[in-house]
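**Student:** Just to be clear, the model below is a prediction. Sequence and coordinates:
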Amino acid sequence: MAFSPAHAADRVAYLNARLLDPASGLNAAGALLTEGEAIADFGPGLFADGVPDGIATVDCGGHCLAPGLVDIRVQTREPGEEHKGTLASAGRAATAGGVTSMACLPNTNPVIDDMSVVEFVARRARLLGLAKAYVYGAVTKGLEGAELAEMGMLAEAGAVAFTDGVNAVADAQVMYRALSYAATFGLLVVQHPEEPSLSNGDMNSGEMATRLGLAGIPRVAEIIMVERDVRLAEATGGRLHFAHLSTVEALDVVRRAKARGVPVTCDTAPPYFALNEGAVGDYRTFAKLSPPLRSEDDRRAVVEALADGTIDAIASDHAPQDEDAKRLPFAQAAFGGVGLETLLPISLELHHNGHMPLLEVLHRLTCAPADLMGLTAGRLRVGAPADLVLFDPERGWKVTEQALNSKSKNTPFDGRPVQGRALRTVVDGRPVFVLDP
């Protein structure tokens, strides 16, 4: 694997590609030309008469060339917990996974509730020259759930949306005020849908938790928070997005709310459509996630909601934890799993297993999340930034610690054979990742 923040070449022709653009429905053999940092041209007939002199070429070998993935839920751990992960390690993991844009949660130290931290993350990401990093502003000061942060000033500084990260905004009055403010200024509020008073457990509540002797987190913790906040969004007109939905009933609430015209959207993460609570197995802490892995019925419902469009986007929910935080008894271990490098191959299982067409899977990984965050990324368009991923959807590999570039290795997919891998990732016309042949 090679990572490079090199400068963009003047002009590069990507030949013999399968062009995929979910935004326009393009799915055809063709070529693409980049000029400097932008896409200059693309299409099935491009370079039919040969490539003019002075243009560098990349033979795509018939593989898929698509917009770079847009991951809207990443914890980088920088600033404050660099022993778990950094913007550099997240950038390497992202580009190795075909992710060219990532939105970073505000639960850093210091919290992103101040303009200076927004500017720090953006500046640091630019200097690294890997994946583009955007940030969420905090909904409440210090993520404490009490006093609203300066959302307007944070938005002016570059915050793309607002969330308290892995903490739910539990106070209904605070959420009502946040959504009212969001409605006035066209902002997006993202909720971690879990009622805190019901979430003091270790895994999904039910027979398996009982058998393992672990405290359960009831499914209703997610459901009632979604029901409450949908009502608040309906009352205020504020744009509301739910992260990582995982239960049948919560998805049904969102489905009905969308039908009524409530400005509500949602995403999920690969563990919730590719794993169920059985992955906890014999106290396997890498499968301790928030929200917890659910029942097989819930997993199937997530797949169905992706297929019917109820779920708008797929995010990695990348949450690096160091060994000391995971190699503990299950009840003491930290929640979370890394996901940047498994986002593409696990999502492609939806295609390989016949649940969704390839373009629909990519839609939830590119233009849909970009549109939610108001980003210009996620689509092939002349003049747009040349943020691209070349991938082989059939290439098999095994998820192992050695295969991951993330600083922390706590993946719930450890040991899983997968299909699909990024071969080359391009950011602003620069090849920032190339998989060794």
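**Tutor:** Arrived safely, thanks for sending. Residues are numbered from 1 along each chain as shown.

**Student:** tell me the domain boundaries of the chain?
**Tutor:** 2-65+385-406+416-434, 67-373 (automatic domain parsing).

**Student:** Just say which of those is most tucked in.
**Tutor:** Burial of the domains of the chain is given as mean neighbour count (mean count of other CB atoms under 10 Å); domain 67-373 ranks first at a mean of 21. All C-beta spots, glycine's among them, are computed from the backbone N, C-alpha and C.

**Student:** mean confidence score for that one?
**Tutor:** For domain 67-373, mean pLDDT is 97.

**Student:** So what would you say the end-to-end distance of that domain is?
**Tutor:** 16 Å (CA to CA, to the nearest Å).

**Student:** now that domain, how far from the centre of its chain.
**Tutor:** In terms of CA atoms, centre = their mean, to the nearest Å, the gap separating the centre of domain 67-373 from the centre of its chain is 8 Å.

**Student:** same question, stretch 47-62
**Tutor:** 33 Å.

**Student:** okay, that stretch in PDB with CA atoms only?
**Tutor:** Provided in PDB are the C-alpha atoms of stretch 47-62 (Å, rounded to 0.1, in the frame of the first residue of the first chain):
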ATOM      1  CA  PHE A  47     -10.700   9.100 -25.900                       C
ATOM      2  CA  ALA A  48     -12.300   6.800 -28.500                       C
ATOM      3  CA  ASP A  49      -9.700   8.100 -30.900                       C
ATOM      4  CA  GLY A  50      -6.800   7.800 -28.500                       C
ATOM      5  CA  VAL A  51      -5.300  10.000 -25.800                       C
ATOM      6  CA  PRO A  52      -3.600  13.200 -26.900                       C
ATOM      7  CA  ASP A  53       0.100  13.700 -26.100                       C
ATOM      8  CA  GLY A  54       0.900  15.300 -22.800                       C
ATOM      9  CA  ILE A  55      -1.800  13.500 -20.800                       C
ATOM     10  CA  ALA A  56      -0.700  10.900 -18.200                       C
ATOM     11  CA  THR A  57      -2.800   7.700 -18.200                       C
ATOM     12  CA  VAL A  58      -4.000   5.200 -15.700                       C
ATOM     13  CA  ASP A  59      -5.400   1.900 -17.000                       C
ATOM     14  CA  CYS A  60      -8.400   1.000 -14.700                       C
ATOM     15  CA  GLY A  61      -8.400  -2.600 -15.900                       C
ATOM     16  CA  GLY A  62     -12.200  -2.600 -16.300                       C
END
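
**Student:** can you give me the helices in the stretch 51-200 of the chain?
**Tutor:** Per DSSP state H, counting those that start in this stretch, the stretch 51-200 of the chain carries helices over the ranges 87-96, 115-128, 151-157, 172-185.

**Student:** Give me the angle between the first one and helix 115-128.
**Tutor:** Helix 87-96 runs at 60 degrees relative to helix 115-128, counting by axes from the mean of the first three to the mean of the last three CA atoms, to 10 degrees.

**Student:** For Met1, report the pLDDT, please.
**Tutor:** For Met1, the model assigns a pLDDT of 63.

**Student:** Repeat that for the one 5 residues further on.
**Tutor:** At Ala6 the predicted local distance difference test score is 57.

**Student:** And for the one 3 residues further on?
**Tutor:** Predicted confidence (pLDDT) at Ala9: the value is 66.

**Student:** before we move on, back to that, out of the helices of the stretch 51-200 of the chain, which is closest to Tyr283?
**Tutor:** For the helices of the stretch 51-200 of the chain, the distance to Tyr283 is smallest for helix 87-96, at 26.4 Å, taking CB to CB.

**Student:** Output the contacting helices and strands for the longest helix along the chain.
**Tutor:** The longest helix of the chain (DSSP state H) is helix 220-236. Packing contacts for helix 220-236, counted by 3 or more CB pairs under 8 Å, 6 or more residues apart in numbering; DSSP states H and E, involve helix 172-185, strand 239-242, helix 248-259.

**Student:** CA atoms of the second one as PDB?
**Tutor:** Provided in PDB are the C-alpha atoms of strand 239-242 (Å, rounded to 0.1, in the frame of the first residue of the first chain):
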ATOM      1  CA  ARG A 239     -34.100  19.300  10.100                       C
ATOM      2  CA  LEU A 240     -33.400  16.200  12.100                       C
ATOM      3  CA  HIS A 241     -31.100  13.300  11.300                       C
ATOM      4  CA  PHE A 242     -30.900  10.000  13.300                       C
END
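
**Student:** can you list contacts of that strand?
**Tutor:** Contact with strand 239-242 is made by 161, 179, 182-183, 186-191, 193, 226, 229-230, 232-233, 250, 254, 262-267, 312, 372, as judged by CB atoms under 8 Å, 6 or more residues apart in numbering.

**Student:** got JSON lines for the domains of the chain, with distance to Arg379 too?
**Tutor:** Formatted as JSON lines, the domains of the chain follow (distance: least, CB to CB, whole Å):
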{"stretch": "domain 2-65+385-406+416-434", "distance to Arg379": "4"}
{"stretch": "domain 67-373", "distance to Arg379": "5"}
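
**Student:** residues in contact with Leu212?
**Tutor:** Counted by CB under 8 Å, 6+ apart, Leu212 has contacts 203, 280, 283, 330.

**Student:** quick one: the second one from Thr210, how far?
**Tutor:** Here Val280 is placed at a distance of 13 Å from Thr210 (CB to CB, to the nearest Å).

**Student:** One more: the first one?
**Tutor:** Distance, Met203 to Thr210, using CB to CB: 10 Å.

**Student:** Would you mind giving the helices of the stretch 51-200 of the chain as TSV with distance to Val166 added?
**Tutor:** Output for these, formatted as TSV (distance: least, CB to CB, whole Å):
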stretch	distance to Val166
helix 87-96	16
helix 115-128	17
helix 151-157	19
helix 172-185	16
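
**Student:** Which of these sits closest to Cys367?
**Tutor:** Here helix 87-96 is closest among these (CB to CB), at 17.7 Å.

**Student:** Show me what that closest one is in contact with.
**Tutor:** Helix 87-96 has contacts (CB under 8 Å, 6+ apart) with 1, 3, 71, 74, 76-78, 100, 102, 104, 121, 124-125, 128, 130-131, 133, 318, 320, 338, 340-341, 404-407, 422, 425, 427, 432-433, 435.

**Student:** which SS class is Leu340?
**Tutor:** Following DSSP: H, G, I helix; E, B strand; the rest coil, Leu340 is assigned to coil.

**Student:** Quick one: residues contacting it.
**Tutor:** Leu340 is in contact with 71, 74, 90, 93-94, 96-97, 99, 102, 316, 318, 406, counting by CB under 8 Å, 6+ apart.

**Student:** roughly how far apart are the nearest residue to it once chain neighbours are set aside and Ala131?
**Tutor:** Spatial nearest neighbour of Leu340, chain neighbours left out: Ala93 (4.1 Å); criterion: CB to CB, 6 or more residues apart in numbering. Counting by CB to CB, the gap from Ala93 to Ala131 is 9 Å.
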